[in-house]
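**Student:** Okay, predicted coordinates and the sequence, questions at the end:
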Amino acid sequence: MHRFALEYLKEWKTRTSRKPLVMRGARQVGKSYLVRMLADRAFDNLLEVNLEAEPDAASLFASKDPAAIVPLLEARYGTSVTPGRTLLFLDEIQAAPELLACLRYFHERMPQLHVIAAGSLLDFALRERKSSAPVGRIEYLHLGPMSFEEYLLAVGHGKLRDFLCELSLGTVVPDAIHAELMRLVAQYLVIGGMPASIEAFVRSGSHRESEATRQSIVSTYRDDFAKYGTRAERERMERVFMAIPRMVGDKFMYSRVSRDDRSRELGAALHRLCLARIAHRVRHSAANGAPLGAETDDRTFKVLCMDVGLLCRSCGLSVLDIEAAGSVMAVNRGAVCEQFIGQHLLHAGEWYDEPELYCWMREEKQSNAEVDYLMTLGERVIPIEVKAGKTGTLKSLHVFLREKRRDFGLRFNADTHSLLGAETRTPGGGTIRFRLLSLALYAVCQARRLCREALGE
């Protein structure tokens, strides 16, 4: 199955300023598969060292000199290592996080050798073992679940993906194309973006087999909790993990997780889940300008699951449930589609950027407002709403535009795209005119490009 990150890795391979690359992401998002795909298409051979399956392999890196390390690797694995033609892959490096420091020596003393490391619990391992990464001597790639457009390619709808890439605001989307894309969105919501789930569906054509695969992934994550802290800490992680699906789209409140644990303890459990990339905080930003992270309130946030398919599995939703609802947004108070849009926006930046996502919440007596997500284009802050079906009020978006004196908003819904002029009244009786870009859910991967088109950039 094709991953768009492969093109970035090919560019990394040819870059003269290249550094050893550390690939980060949750378990089973396809990190190892992607590296093997790169090796198959761009290198003569691959030397793969799995540090979790072979813990004694870490001893091969005791020296700080790559010229001494490479012969040991060749002897142990019975293969030659030729800089420029061999890809050295250190998988599950969180099992030996001290080896991250070794990467600096490959960068400094053998820069012509291509080295990639990958780990799913890397952040947690670094913190627990008080290790650190060599600053300025490695680079990162952050990998999430497969996107909707990658899913289209995997299930044989490459032409529909081409259609989305060529979509412009002047394009008239035929009803038949719109209906087919919305059907595939509903399918993706349940199957999700985990490569194993998609592969099971493509191979068997069976939602049942794909569902069993997703359940196995959820169970694997829960089994991983045994690697974290004390028994009490693991139990709190379990409670938070099970509570997240029912709070997607809402302000995260520890009181809805457990009344028997203190907020600080549950916060520590949530932090561990975020370190493992199983969950992601969507932090409130005052949104007065870019960067959004400069004005955050860490006490006010929402939480996303890592993948919409795992969310549906945790909630017991099937593709039949979503199809029977008549609208993909009618299920679970719209949380499923808010998760869908959120996970795509989270990974919409450059591959080397740490995934971050923000929202805006105002909590005042009789005047609460919440904008689902925020996005920046240059210095411009764009409020984003995810709405049920083809209609829905935009009260919170209006409040945001009034307070922040913004003139552009983005809405995702189940209708075809449109760009409309609108206005909203200020408390003082004035008028703020703004443009509202509405995009169908299936256009989420093209959102930044279409926003630029709408803004004339």
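**Tutor:** Sure thing, it's come through.
**Student:** burial of residue 405, as a residue count?
**Tutor:** Neighbour count of residue 405, defined by other C-beta atoms under 10 Å: 10. Where C-beta positions appear, they are placed from N, C-alpha and C, glycine not excepted.
**Student:** can you check residue 269 too?
**Tutor:** 26.
**Student:** swap in the one 5 residues further on?
**Tutor:** Taking other C-beta under 10 Å as the neighbour definition, residue 274 ends up with a count of 16.
**Student:** try residue 229
**Tutor:** 16.
**Student:** In space, what's closest to it - neighbours in sequence excluded?
**Tutor:** Excluding the flanking residues, the one nearest residue 229 by C-beta to C-beta, 6 or more residues apart in numbering is residue 272, at 7.7 Å.
**Student:** The one you found touches residue 124, doesn't it?
**Tutor:** Yes: using C-beta atoms under 8 Å, residue 272 is in contact with residue 124, at 6.4 Å.
**Student:** who has more neighbours, the two?
**Tutor:** Ranked by neighbour count (other C-beta under 10 Å), residue 272 and residue 124 place residue 272 first, with 26 against 23.
**Student:** ok, now which ones touch the more buried one?
**Tutor:** 124, 228, 229, 233, 237 (C-beta atoms under 8 Å, 6 or more residues apart in numbering).
**Student:** cool, and residue 293?
**Tutor:** By C-beta under 8 Å, 6+ apart, the contact set of residue 293 is 283, 285, 356, 358.
**Student:** Give me the pLDDT for it.
**Tutor:** Here the pLDDT value assigned to residue 293 is 95.
**Student:** Surely it is in a helix?
**Tutor:** Yes: looking at residue 293 with DSSP: H, G, I helix; E, B strand; the rest coil, it is inside a helix.
**Student:** Please report how far it lies from residue 357.
**Tutor:** To residue 357, residue 293 is 10 Å away according to C-beta to C-beta, to the nearest Å.
**Student:** mind listing the helices for the stretch 351-457 of the chain?
**Tutor:** For the stretch 351-457 of the chain, the helices defined by DSSP state H, counting those that start in this stretch cover 395-404, 447-454.
**Student:** and if you look at the stretch 101-250 of the chain?
**Tutor:** So, for the stretch 101-250 of the chain - with DSSP H, counting those that start in this stretch - the helices run 122-128, 148-154, 158-165, 175-191, 195-204, 207-224, 231-247.
**Student:** quick check: domain ranges of this protein?
**Tutor:** 5-142, 150-454 (automatic domain parsing).
**Student:** right, so the helices of the stretch 101-250 of the chain: which one is the most enclosed?
**Tutor:** Among the helices of the stretch 101-250 of the chain, ranked by average contacts under mean count of other C-beta atoms under 10 Å, first place goes to helix 148-154 (a mean of 22).
**Student:** how much distance is there from that one to the middle of the chain?
**Tutor:** The gap between where helix 148-154 is centred and where its chain is centred comes out at 15 Å by C-alpha atoms, centre = their mean, to the nearest Å.
**Student:** who's in contact with it?
**Tutor:** With C-beta under 8 Å, 6+ apart as the contact definition, helix 148-154 has outside contacts at 1-4, 146, 158, 160-161, 164, 184-185, 188, 191, 193, 198-199, 202, 340, 344, 442, 444-445.
**Student:** Quick one: low-confidence residue ranges for the stretch 201-350 of the chain.
**Tutor:** For the stretch 201-350 of the chain, applying pLDDT under 70 flags the ranges 319-333.
**Student:** what about the strands in it?
**Tutor:** For the stretch 201-350 of the chain, the strands defined by DSSP state E, counting those that start in this stretch cover 279-285, 296-305.
**Student:** Can you lay out these as TSV showing mean neighbour count and distance to residue 362?
**Tutor:** What follows is those, written out as TSV (neighbours: other C-beta atoms under 10 Å; distance: least, C-beta to C-beta, whole Å):
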stretch	mean neighbour count	distance to residue 362
strand 279-285	23	9
strand 296-305	18	10
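**Student:** Out of these, flag the one nearest residue 53.
**Tutor:** strand 279-285 (26.6 Å; C-beta to C-beta).
**Student:** Much appreciated, bye for now.
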